[in-house]
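> Need coordinates for the below:
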Amino acid sequence: MKHLTCIWITVLLGLMPISGRAQVIDRVVGKVGSEFILLSEIEEEFSYAKTKSPGLPEDLKCDILDNIIAQKLVVYQAKIDSVDVTDEEVELQLDFRFESVLRQMNGDETFFQEFYGASIAQMKERYKDDQKSKILAEKMQQKLISEIEITPKEVEEFYKSIPYDSIPYFKSEMEISEIVLVPTVNDEERSKALNKITELRNQVVNNEATFSDIASKYSQDPGSALRGGDLGFAKRGVYVPEFEATVFSLAKEELSEVIETEYGFHFIQQMERRGNAVRARHVLIKPEITDADLKLAENKLDTIRRLILADSMSFEAAVKKYSLKSSPSYSNAGRVKNQNNNSTFFSADDFDPDTYFAIFELKKGEISKPLEISLPGGKKAYRIIRLNSISKPHKANLKQDFDKIANFAKESKKNEYFLKWLDKKRSSTFIYVDPMFGHCDLHGARQGQ
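All right, here's what the predicted structure looks like:
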């Protein structure tokens with residue numbers, strides 16, 4: 001069943017969808033070291049699998065049980081090795097997990113409770129042990145494979161071991177760089193926004209309205225406005241510098257002065273602090289960007305483009321001087337990263353239509369004309385794109401694709417090492433399963449009598 005364990009390695013690092021508890025009479029059906037396996041764990045995963053693929057056979061429960069045994073082995077060994085997981089880590093993961101679910105429900109906590117039959121607090125308590133086990137397993141797995149490296153010789157051997165017919169065929173791929181320029185707000189619109197948020201803050205200070213009501217009615221941050229401005233818990237490094245410096249300086253329930261960030265004007269209230277994480281709420285008012293502001297930005301970016309093409313300025317220098325600092329590409333000299341594969345290579349279908357049509361006629365080294373884009377939160381900006389490289393469709397080979405093949409080889413080596421570790425632990429750890437699963441082929445498990 002090694003193939004199933006390989007699947008689990010991938011799933012382990014994610015979060016299983018939250019679902020209601022299966023309606024079964026629960027009992028212990030297995031034990032791995034000091035870790036117990038409940039019948040409900042197997043039934044829940046089986047029920048979820050059936051929602052994705054109706055008609056799955058009951059025998060799938062054997063595979064699910066084998067996966068759970070592997071998970072419990074990792075958790076059990078993590079506890080033996082004193083892998084540490086703090087309550088704060090668990091709480092932060094639970095906050096993130098349930099806030100994501102709540103966002104999908106437009107922040108409606110009443111609907112959440114109706115859907116799951118429990119409040120958010122009750123659901124967090126229900127999944128607390130599960131979440132701790134997941135974090136333990138992640139840390140243990142990372143500890144096991146973090147020092148594994150791959151040599152050029154191993155990469156070559158890995159490539160040669162692939163049957164010719166199984167060597168992947170790579171599509172045409174491109175690498176691009178960008179400069180993102182945000183329009184400058186004109187003085188009149190900036191003053192309007194500043195006056196408005198100052199007035200709203202005064203209403204809260206003078207008890208003319210509650211913070212929650214002001215945020216819900218006026219804040220231009222749509223996600224938090226639905227929750228009365230509540231941003232949930234966040235660690236340092238999540239917010240832009242001006243916002244972070246303010247929110248971490250506030251005492252509990254203290255209201256900040258009006259501050260300005262790249263998103264607009266805010267005032268903030270700290271609600272709760274837990275170590276290096278803080279829960280806050282805010283109101284955001286964005287100055288309006290006029291058509292004239294947008295045209296000025298477009299013209300400025302086109303001028304920058306012409307300077308680069310005339311060799312009066314390098315693309316990388318222009319990125320450093322003009323590009324939006326909060327853009328992920330800024331810290332990479334403008335090079336854009338493909339979030340789908342964590343590399344800088346894009347196939348044509350990885351691009352959104354606007355980007356693709358902006359570059360599809362470009363030759364290597366050429367730069368597109370300014371393209372209007374929408375940033376997260378809806379703010380408009382302009383972008384120019386340079387085509388850094390383009391490859392023709394081809395079968396993977398060591399000369400063109402060494403880095404990609406090396407990544408495959410390294411992941412294969414990690415997986416092989418982890419599977420061997422699991423096999424060894426199965427042989428040396430007490431594993432018991434209930435007779436109801438006696439028909440399953442479970443390596444290393446004792447069958448109950």
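> Could you list the low-pLDDT ranges of the stretch 201-350 of the chain?
Within the stretch 201-350 of the chain, no stretch has pLDDT under 70.
> May I see the buried residues of stretch 58-74?
61-74 (16 or more other Cβ atoms under 10 Å). (Each C-beta comes from the backbone N, C-alpha and C, glycine too.)
> ugh, wrong one, stretch 338-351
Using 16+ other Cβ under 10 Å as the test for burial, stretch 338-351 gives 338, 344-347, 350-351.
> before we move on, what about stretch 78-98?
For stretch 78-98, a neighbour-count test (16+ other Cβ under 10 Å) marks 78-79, 83, 85, 89-95, 97-98 as buried.
> what are the C-alpha coordinates of it, in CSV please?
Provided in CSV are the C-alpha atoms of stretch 78-98 (Å, rounded to 0.1, in the frame of the first residue of the first chain):
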residue,chain,number,x,y,z
ALA,A,78,6.8,13.1,17.2
LYS,A,79,5.7,12.8,20.8
ILE,A,80,8.5,10.3,21.6
ASP,A,81,11.0,12.8,20.0
SER,A,82,9.5,15.7,22.0
VAL,A,83,8.4,17.7,19.0
ASP,A,84,6.9,20.8,20.5
VAL,A,85,3.5,22.3,19.4
THR,A,86,2.3,25.3,21.4
ASP,A,87,-1.3,26.2,22.2
GLU,A,88,-0.7,29.4,20.3
GLU,A,89,0.2,27.5,17.1
VAL,A,90,-2.9,25.4,17.3
GLU,A,91,-5.1,28.4,18.0
LEU,A,92,-3.7,30.4,15.1
GLN,A,93,-4.2,27.5,12.7
LEU,A,94,-7.8,27.0,13.9
ASP,A,95,-8.5,30.7,13.6
PHE,A,96,-7.2,30.7,10.0
ARG,A,97,-9.2,27.5,9.2
PHE,A,98,-12.5,28.7,10.5
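> Distance of P152 relative to F345?
Taking Cβ to Cβ, to the nearest Å as the measure, P152 falls 20 Å from F345.
> next one: S146
In terms of Cβ to Cβ, S146 sits 25 Å off from F345.
> Kindly report the same for D423.
35 Å.
> what do you get for D352?
16 Å.
> P435 too?
The value you get for P435 to F345, if Cβ to Cβ is used, is 52 Å.
> could you give the mean pLDDT of the helix or strand that contains E154?
Assessed by DSSP states H and E, E154 sits inside helix 152-161. Averaged over helix 152-161, pLDDT sits at 96.
> name the helices or strands packed onto it?
helix 398-428 (3 or more Cβ pairs under 8 Å, 6 or more residues apart in numbering; DSSP states H and E).
> List the buried residues for the helix it packs on?
Per 16+ other Cβ under 10 Å, helix 398-428 contains these buried residues: 401, 404-410, 413-415, 418-419, 421-422, 425-426.
> tell me the angle it makes with helix 152-161.
Put simply, helix 398-428 runs at 90 degrees to helix 152-161, going by axes from the mean of the first three to the mean of the last three Cα atoms, to 10 degrees.
> The closest residue to F402 other than its chain neighbours: how many residues sit nearby?
The spatial neighbour of F402 that comes closest, neighbours along the chain excluded (Cβ to Cβ, 6 or more residues apart in numbering), is V155 at 6.8 Å. Taking other Cβ atoms under 10 Å as the criterion, the count of residues near V155 is 20.
> Repeat that for the one 10 residues further on.
Here the number of neighbours of D165 (other Cβ under 10 Å) works out to 5.
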